[in-house]
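Asker: coords please:
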Amino acid sequence: MENDMTNTEAAGSGENRPLSVIGTLTNLKPGEIILPPFLVQRADGLHIDLAKLEGTEAFRLMVVRVFSSNAYFLDLDYPCFLQALYEPDTLNSRASLRLAADVVAFSAERRALYKSVKIGNGQAEYFFEPVVSDKGTDGVNTEGMLKEKLLFDEFVADMWGKGVHFGIAEEPVRAAIETGKSGRMVVARRRDAVLGKSAGIQELAKEIHRDDSPKELPNGKLDLRQFKNHFPQIKKNIRLLKKIPPVMGITGFDISGNPIEPPLPADFNLLTLAGPGTRVDITPDGEFVVSAQDGFLNFDTQSNQISITEKIVSRAGVSARTTGDLYLTGDEYEEHGEIQEKRVVEGNHITIHADVFGTVASKGGRVLLKKNLIGGSATNQNGDIIVEGFASGATLKTQQGGIIIKRAERCTIVGSQVTIEQAFNCDIVSDAVTIQQAEGCAIAAKSLHFGAVAPYKQSEMRIYLQVPDMDKLEHKIQALRAKLEETDPALAR
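Answerer: You can find the predicted model right below:
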């Protein structure tokens with residue numbers, strides 16, 4: 001234990017100053033206490049040596065020992081007192097701090113001046129009123145009653161014994177004591193926990209945002225049917241997203257000193273957001289989702305994953321509101337939403353997972369419609385067209401490729417090879433046609449294969465089979481006869 005001054009000096013001069021109860025091991029008197037190693041007595045009072053303070057529990061035990069020994073801290077620095085009790089981490093930047101001037105006796109006569117406190121709803125209420133005593137400062141009975149004055153330091157000690165260990169409103173209490181007016185007031189309140197902040201995401205690359213403003217044409221006019229850049233392209237090694245770490249909340253305390261812990265802020269693993277074509281870089285600057293390849297940006301709203309793919313993937317459908325008409329330059333396009341009426345999708349290797357009411361035009365590759373083609377059209381300059389659902393009132397054309405449909409009604413179909421499970425009232429032109437069930441269709445082809453044919457309501461089946469050009473054959477026959485006559489007139493006849 002360190003003592004920079006004697007007990008007599010700690011008591012100081014002045015008639016009204018209470019007697020110090022700090023003792024020494026060599027001369028410990030009844031009622032005196034020994035200071036713990038972290039509490040140092042200096043010329044200006046008691047200081048907490050933070051290097052020797054081993055946590056809040058040691059400080060709390062010292063406070064309990066002082067208050068239970070009918071003593072209190074004279075000239076108490078109450079904010080410092082609370083910090084050392086409940087928030088020692090906030091004191092780490094300081095080597096030591098002054099706690100009080102002394103530890104002095106709290107006589108029974110003085111303690112009797114303090115009334116009961118009402119505790120409830122997270123606060124403590126106290127009724128202040130003028131106080132009197134029939135004893136002098138020396139504890140001897142006097143004739144008549146003497147007017148007394150409460151002291152804030154004693155008030156803290158008395159409230160501790162009554163269960164108020166935290167949150168005394170120092171300034172209002174000191175003011176109430178100073179004025180001496182009667183009245184009930186809240187003298188302590190709990191401090192609610194401060195919520196933390198959940199982890200978040202900061203967008204870094206401007207390229208991840210679509211530009212859905214009208215597209216400007218070379219002549220300077222705006223095409224209101226097209227958006228400027230609905231499917232952004234991303235270069236390799238571009239930082240797309242940054243994780244904002246969670247911020248922990250601040251612990252609160254009730255007036256008994258019990259901690260009120262805030263809920264843990266929500267956190268997430270950035271890897272759950274990194275889809276194909278991206279990676280997570282962890283650097284001193286933070287955690288980032290970075291593009292691992294060149295390609296098109298794709299954000300999956302269901303899994304919340306961001307990915308960079310060689311093909312364009314859309315889930316919002318094609319409409320005047322979401323995309324406008326699409327004229328795509330990518331190698332592949334995949335759409336999970338509807339293609340609405342009068343909307344155009346032009347590109348390469350197109351796959352549509354929903355119904356198509358508009359126009360799908362491919363420059364090459366396969367056109368795959370996973371559902372239905374209704375009232376729209378599907379064309380392909382160089383590749384197949386496949387409709388896994390049904391086509392109704394639609395036009396399907398391919399210059400070099402086949403057309404495969406599960407069910408077709410009132411459609412116009414043109415292709416080098418056509419295969420349909422069920423066809424009703426359709427017009428079909430092809431080199432080779434294979435239909436399992438055909439009703440009321442008009443078909444022109446070089447080769448035909450049917451499972452069953454029948455009229456459809458008032459429409460008869462009409463089949464036009466292409467035959468060789470006889471004029472060309474006749475010319476060839478005449479040429480052969482001429483050669484035969486030259487070689488052998490008898491054979492020519």
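Asker: what about the nearest residue to residue 110 once chain neighbours are set aside, is that helix, strand or coil?
Answerer: Among residues not flanking residue 110 along the chain, residue 154 sits closest, at 6.1 Å (CB to CB, 6 or more residues apart in numbering). Any C-beta I mention is one placed from the backbone N, CA and C, and that applies to glycine too. Classification of residue 154 using DSSP: H, G, I helix; E, B strand; the rest coil returns helix.
Asker: before we move on, what about residue 289?
Answerer: With three-state DSSP as the basis, the three-state label of residue 289 is strand.
Asker: repeat for residue 486
Answerer: helix.
Asker: now swap in residue 62 and tell me
Answerer: helix.
Asker: Distance check, the residue nearest in space to the middle of the chain against residue 244.
Answerer: With distances taken as CA atoms, centre = their mean, residue 200 lies nearest the centre of the chain, 5.2 Å away. Distance, residue 200 to residue 244, by CB to CB, to the nearest Å: 4 Å.
Asker: Kindly report the same for residue 130.
Answerer: 57 Å.
Asker: cool, residue 383 as well?
Answerer: Distance, residue 383 to residue 244, by CB to CB: 46 Å.
Asker: neighbour count winner among the two?
Answerer: Shown here are residue 383 and residue 244; by other CB atoms under 10 Å, residue 383 has more neighbours (20 against 14).
Asker: In contact with that one, which residues?
Answerer: Residue 383 sits next to 349, 362, 364-367, 398, 400-401 when contact means CB atoms under 8 Å, 6 or more residues apart in numbering.
Asker: One more: residue 168?
Answerer: Residue 168 sits next to 78, 155-156, 159, 187-188 when contact means CB under 8 Å, 6+ apart.
Asker: What count of nearby residues applies to the closest residue to residue 122 other than its chain neighbours?
Answerer: Spatial nearest neighbour of residue 122, excluding adjacent residues (CB to CB, 6+ apart): residue 190 at 4.0 Å. Neighbour count for residue 190, taken as other CB under 10 Å: 19.
Asker: Got the confidence number for the residue nearest to the centre of the chain?
Answerer: Looking at residue 200, its pLDDT stands at 94.
Asker: downstream neighbour of the helix or strand of the chain with the lowest mean pLDDT in the secondary structure list?
Answerer: Of all regular secondary-structure elements in the chain, judged by mean pLDDT, DSSP states H and E, the least confident is helix 7-11 with a mean of 36. For helix 7-11, the succeeding helix or strand toward the C-terminus, using DSSP states H and E, is strand 39-42.
Asker: buried stuff in that next one?
Answerer: Residues 39-41 are the ones in strand 39-42 that count as buried (16 or more other CB atoms under 10 Å).
Asker: what helices or strands is the next helix-or-strand element following it leaning on?
Answerer: Of the helices and strands lying after strand 39-42 in sequence (DSSP H and E), the nearest is strand 45-49. In this structure, strand 45-49 makes packing contacts with strand 39-42, strand 96-100, strand 102-105, judged by 3 or more CB pairs under 8 Å, 6 or more residues apart in numbering; DSSP states H and E.
Asker: Just the strands from the stretch 351-493 of the chain, written as ranges.
Answerer: Using DSSP state E, counting those that start in this stretch, the strands of the stretch 351-493 of the chain run over 359-362, 367-369, 373-374, 377-380, 385-392, 395-398, 402-409, 412-424, 427-439, 442-454, 462-465.
Asker: wait, which of these is closest to residue 483?
Answerer: Among the strands of the stretch 351-493 of the chain, the nearest to residue 483 by CB to CB is strand 442-454 (30.2 Å).
Asker: Sketch out the low-pLDDT regions of the stretch 151-300 of the chain for me.
Answerer: Across the stretch 151-300 of the chain, residues meeting the criterion (pLDDT under 70) sit at 209-231.
Asker: Just give the number of residues close to residue 177.
Answerer: The number of residues packed near residue 177 is 16, by other CB under 10 Å.
Asker: Give the next helix or strand downstream of the host helix or strand of it.
Answerer: Assigned by DSSP H and E, residue 177 belongs to helix 170-179. Next helix or strand after helix 170-179 toward the C-terminus (DSSP H and E): strand 183-189.
Asker: which outside residues touch the helix holding residue 177?
Answerer: Helix 170-179 is contacted from outside by 78-79, 128, 149-152, 155, 183, 185, 187, using CB under 8 Å, 6+ apart.
Asker: make it 6 Å
Answerer: 78, 128, 150, 152, 187 (CB atoms under 6 Å, 6 or more residues apart in numbering).
Asker: and if you look at stretch 199-207?
Answerer: With CB under 6 Å, 6+ apart, stretch 199-207 has contacts from 232, 234, 238-242, 244-246, 267-268.
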